[in-house]
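J.: Pasting the sequence and the predicted coordinates here, then a few questions.
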Amino acid sequence: MSQLKLITFDLDNTLWPVDTVIRRANAVCDQWLAEHHPDAARAMPPEQLARWREQAVRDNPSLLSNLTALRKTVLMRGFEAAGYRHDEAQRLANEAFAVFHDARNQVQLFPGARQLLEALAEHYIIGALTNGNADLEKIGLGHLFAFHHSSESVGQRKPAPDMFHAALKSADVNAGSALHVGDHPHEDVHAARSHGLHAVWANLLEQPWPDSLPPHQHQIRQLDELPGLLHSFDPGQPVTPDT
């Protein structure tokens, strides 16, 4: 057990359920717009925002790796559509995003998440690897993580290797001494194993495993099941990538 040195966690849908969080954050942002800038709110119905988002990604695919920039781009487009000058639209888009982001970080942790992280942090280097834009400091977990890498900070989304490589560099460990825990079969589990790390599928939302991937033996349905699996990972033995 002491041979394992690094444990990284995905965040959304691994440490907390995210869908209700995003819906609530969108509603809070919509309410702020309606109260403070009703003209802009009328210019930004959900279907129009979706079209602008799709167009922004077509124009600049790299925005998929930076959800903050993508949301600000769409909000700025909305303010411009309401008649605001570019510089004013940019300022107001930043304000609207701040409202959204504050609400986006009001999460309800899965049962046992904080206790698990506190216990593991006494024995392992703990890191966060996420394609989202959660803020661990705002959530109140930042002190438990040695580092937090995101698609925004490294420039590529999982399953690309960049985030995993950044984690190994931050912890100064090799891939065989690292374990990644995440909910997404492709972006977390298969990706981690493909890049040489051990992996645990955090299936807390009871999703089906995709037929396109070979079965994966290490699965938890509650976070407090993770410590019981740690003895299974021996960094002296190479990880065999899923094929």
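T.: Noted; the coordinates are in hand.
J.: which residue of this protein sits farthest from its center?
T.: residue 83 (34.0 Å; Cα atoms, centre = their mean).
J.: in the chain, which spans are strands?
T.: For the chain, applying DSSP state E gives strands covering 6-9, 125-130, 147-150, 178-182, 198-202, 219-220.
J.: Ok, which of these comes nearest residue 117?
T.: Nearest of the strands of the chain to residue 117, taken as Cβ to Cβ: strand 125-130 at 6.4 Å. Glycine gets a C-beta too; all of them are placed from N, C-alpha and C.
J.: With only the CA atoms kept, save that closest one in CSV.
T.: Taking Å, rounded to 0.1, in the frame of the first residue of the first chain, the C-alpha atoms of strand 125-130 are listed here in CSV:
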residue,chain,number,x,y,z
ILE,A,125,-0.1,12.9,-2.8
ILE,A,126,-3.6,13.9,-3.9
GLY,A,127,-4.2,15.7,-7.2
ALA,A,128,-7.2,16.8,-9.2
LEU,A,129,-7.6,16.3,-13.0
THR,A,130,-10.7,17.7,-14.6
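J.: Can you tell me what sits against it?
T.: By Cβ atoms under 8 Å, 6 or more residues apart in numbering, the surrounding residues in contact with strand 125-130 are 5-12, 117, 120, 136, 144-151, 158, 163-164, 167, 170-171, 173, 180, 182.
J.: Give me the neighbour count for residue 59.
T.: Neighbour count for residue 59, taken as other Cβ atoms under 10 Å: 9.
J.: How about the one 3 residues further on?
T.: Burial measure for residue 62: 13 neighbouring residues, criterion other Cβ under 10 Å.
J.: if we can go back for a sec, would CSV of the strands of the chain with distance to residue 28 and mean neighbour count be doable?
T.: What follows is those, written out as CSV (distance: least, Cβ to Cβ, whole Å; neighbours: other Cβ atoms under 10 Å):
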stretch, distance to residue 28, mean neighbour count
strand 6-9, 26, 28
strand 125-130, 21, 24
strand 147-150, 22, 21
strand 178-182, 27, 26
strand 198-202, 27, 25
strand 219-220, 32, 16
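J.: Tell me which of those lies nearest to residue 97.
T.: Going by Cβ to Cβ, the one of the strands of the chain nearest residue 97 is strand 147-150, 15.7 Å.
J.: which residues sit against the closest one?
T.: Residues contacting strand 147-150 (Cβ under 8 Å, 6+ apart): 127-133, 136, 142, 163, 166-167, 170-171.
J.: what about the nearest residue to residue 226 once chain neighbours are set aside, distance to residue 106?
T.: In space, and not counting its chain neighbours, residue 226 is closest to residue 220: 5.5 Å by Cβ to Cβ, 6 or more residues apart in numbering. Between residue 220 and residue 106 the computed distance is 25 Å (Cβ to Cβ, to the nearest Å).
J.: got it, and residue 192?
T.: 29 Å.
J.: Those two: who's more crowded?
T.: residue 192 (31 against 12).
J.: That one contacts residue 199, doesn't it?
T.: Yes. Between residue 192 and residue 199 a contact is recorded at 4.1 Å, counting by Cβ atoms under 8 Å.
J.: Pull the contacting residues for residue 71.
T.: 97, 100.
J.: Same question for residue 163.
T.: By Cβ under 8 Å, 6+ apart, the neighbours of residue 163 are 129, 149, 150, 151, 154, 156, 157.
J.: just residue 200 next, same as before
T.: Residues in contact with residue 200, defined by Cβ under 8 Å, 6+ apart, are 179, 180, 181, 182, 189, 218, 219, 220, 226, 229.
J.: one more time with 7 Å, if that's ok
T.: 179, 181, 218, 220, 226, 229 (Cβ atoms under 7 Å, 6 or more residues apart in numbering).
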